[in-house]
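Participant: Sequence first, predicted model second:
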Amino acid sequence: GENVEQHPSTLSVQEGDSAVIKCTYSDSASNYFPWYKQELGKRPQLIIDIRSNVGEKKDQRIAVTLNKTAKHFSLHITETQPEDSAVYFCAASTGNQFYFGTGTSLTVIP
Amino acid sequence: DTAVSQTPKYLVTQMGNDKSIKCEQNLGHDTMYWYKQDSKKFLKIMFSYNNKELIINETVPNRFSPKSPDKAHLNLHINSLELGDSAVYFCASSQNVGEETQYFGPGTRLLVL
């Protein structure tokens, strides 16, 4: 089955700096890569996703890049704000199964 | 935001008991899921289910069983609860299996004493 690894497990940045979270996957059949944000005590919610026919996608301060050859994808958050503090999960899907990474706890220091 | 709802929100029970968690989605989705999130925040898929197929994560003990009376509901039954079952359980749904956004319920915090 698919194995999704996510790094780092914790990340602290100063407000206004950028944050980068990286994930690798093992199954070359994976073709859909979403990112979820989970605030403390709340449910995970989709923030951005990318499909295997696209190399990069942006939505305001958030961007995701995908390198299919290397089997890795990354989340980039620019101009971080305190409300970006949360746990972020990457995931990979082969179309039949969803596999989540182990999560990154991001803290944005004001 | 009641697209995916779960009841109860909190559940405290004794070891050995049998309990159920209910999940309902009003999005018209065909696929529903159950996840377990432990104290380390790992999100582990337990089941995915649509009206055609139940996919079970092989590491899930058979004390856990999903039951779907219709495609808008996927309930989770847990028999003979153990201390290690304490976790937050999330229900989720998506239009289809795999390449679709999953919408999560608010979670059920289960504590087994």
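Facilitator: Happy to help now that I have it. Residues are numbered from 1 along each chain as shown, chains lettered A, B, ... in the order given.
Participant: so B:Ile55 makes contact with B:Phe47?
Facilitator: Yes - taking contacts as Cβ atoms under 8 Å, B:Ile55 lies within contact range of B:Phe47: 6.8 Å. C-beta here means a position set from N, CA and C on the backbone, and glycine is covered the same way.
Participant: of those two, who's got more company?
Facilitator: Between B:Ile55 and B:Phe47, B:Phe47 has the larger neighbour count (other Cβ atoms under 10 Å in any protein chain shown), namely 20 against 16.
Participant: which SS state does the more buried one fall under?
Facilitator: strand (DSSP: H, G, I helix; E, B strand; the rest coil).
Participant: Report the contact partners of it.
Facilitator: B:33-34, B:54-57, B:60, B:64, B:66, B:74, B:76 (Cβ atoms under 8 Å, 6 or more residues apart in numbering or on different chains).
Participant: So how do I select the buried members of those residues in ChimeraX?
Facilitator: With 16 or more other Cβ atoms under 10 Å in any protein chain shown as the burial test, the buried ones among the contacts of B:Phe47 are selected in ChimeraX as follows:
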select /B:33,34,55,57,60,64,66,74,76
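Participant: Serialize the contacts of B:Phe47 to a markdown table and add fields for pLDDT, secondary structure and distance to chain A.
Facilitator: Below are the contacts of B:Phe47 laid out as a markdown table (pLDDT from 0 to 100; DSSP: H, G, I helix; E, B strand; the rest coil; distance: Cβ to the nearest Cβ, whole Å):
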| residue | pLDDT | secondary structure | distance to chain A |
| --- | --- | --- | --- |
| B:Tyr33 | 92 | strand | 7 |
| B:Trp34 | 94 | strand | 12 |
| B:Leu54 | 82 | strand | 13 |
| B:Ile55 | 77 | strand | 7 |
| B:Ile56 | 71 | strand | 11 |
| B:Asn57 | 77 | coil | 9 |
| B:Val60 | 89 | coil | 14 |
| B:Phe64 | 95 | strand | 18 |
| B:Pro66 | 91 | strand | 16 |
| B:Leu74 | 93 | coil | 15 |
| B:Leu76 | 96 | strand | 16 |
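Participant: quick one: which of the contacts of B:Phe47 is nearest A:Thr80?
Facilitator: B:Tyr33 (30.3 Å; Cβ to Cβ).
Participant: what bridges to the closest one?
Facilitator: Judged by DSSP bridges, the bridge partners of B:Tyr33 are B:Ser48, B:Ala92.
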